[in-house]
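> sequence below, structure please.
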Amino acid sequence: MKSKAQKKSELKSLTEKLPKSQLTVITSFAREGEKGLSVSQMAQLKRLLRELHSEYVVTKKTLMDRALSDSGVKIFEMQGSLGLVLGNEDPYAVAKRIYEYSRKNQALQFFGALFEGNFISKEQFLEMAKMPSKEVLIGRLFGMMKYPITSFYIVMNEIAKKKQTN
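Predicted coordinates for the structure are as follows:
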């Protein structure tokens, strides 16, 4: 059991980290009556997030509730052992990574997220996580821009061939 001083310092640390986080994902890593993430799986998750300059924070629901009070999210309505993913850099990369991790480890479930200061639902978060990467989107855009030019070139080339044969 933590002392009041430990809880105060933990709350202070959490309230300092939350505004800096570009994406804060509310997760459950263990539900009542179900097997949760093991210690090694939790360490793997934290290591995975550290690579993205992010972190996974596990603390008491009351402390999370107080830290998230400005956002309008009610932690007490959520069941299970909760944790927060604090994404400090690319929010889409963080969302994609933890979504991929959750597909391998069914115990990790999502309740929603704070993105750009607004709460987004679980469905909106999953949609965000399933989006293609920035590089893939740029590649698709380039392909779409290149297609009409290439088609025009082919048509003009065929017209020039017909004129040469006539």
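> list the helices and strands the helix or strand that contains Met42 packs on?
Assessed by DSSP states H and E, Met42 sits inside helix 39-51. The elements that helix 39-51 packs onto, with contact taken as 3 or more CB pairs under 8 Å, 6 or more residues apart in numbering; DSSP states H and E, are strand 54-58, helix 91-104. Yep, even glycine has a C-beta here, placed from its N, CA and C like the rest.
> now these as CSV including mean pLDDT?
Shown next, in CSV, are the helices and strands packed on helix 39-51 (pLDDT from 0 to 100):
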stretch, mean pLDDT
strand 54-58, 91
helix 91-104, 91
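> quickly list the domain ranges of the protein.
Domain assignment for the chain by automatic domain parsing gives 4-131, 132-166.
> where does the prediction get shaky in the chain?
70-72, 75-77, 166 (pLDDT under 70).
> which residue ranges form the helices in it?
Using DSSP state H, the helices of the chain run over residues 4-20, 39-51, 61-67, 91-104, 122-130, 134-165.
> picking that back up, how about the helices and strands packed on helix 39-51 in CSV, adding distance to Arg140?
As requested, the helices and strands packed on helix 39-51 are exported to CSV (distance: least, CB to CB, whole Å):
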stretch, distance to Arg140
strand 54-58, 27
helix 91-104, 15
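> closest one to Phe115 among these?
Of all these, it is helix 91-104 that lies closest to Phe115, at 6.3 Å by CB to CB.
> need the CA coordinates for that closest one. PDB is fine.
This file holds the C-alpha atoms of helix 91-104, laid out as PDB (Å, rounded to 0.1, in the frame of the first residue of the first chain):
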ATOM      1  CA  PRO A  91       0.600   9.500 -32.200                       C
ATOM      2  CA  TYR A  92      -0.300   7.400 -35.200                       C
ATOM      3  CA  ALA A  93       2.900   5.300 -34.900                       C
ATOM      4  CA  VAL A  94       2.100   4.700 -31.200                       C
ATOM      5  CA  ALA A  95      -1.500   3.800 -31.900                       C
ATOM      6  CA  LYS A  96      -0.400   1.400 -34.700                       C
ATOM      7  CA  ARG A  97       2.200  -0.300 -32.500                       C
ATOM      8  CA  ILE A  98       0.000  -0.900 -29.400                       C
ATOM      9  CA  TYR A  99      -2.900  -2.100 -31.700                       C
ATOM     10  CA  GLU A 100      -0.500  -4.600 -33.300                       C
ATOM     11  CA  TYR A 101       0.600  -5.700 -29.800                       C
ATOM     12  CA  SER A 102      -3.000  -6.100 -28.600                       C
ATOM     13  CA  ARG A 103      -3.700  -8.400 -31.500                       C
ATOM     14  CA  LYS A 104      -1.000 -10.700 -30.200                       C
END
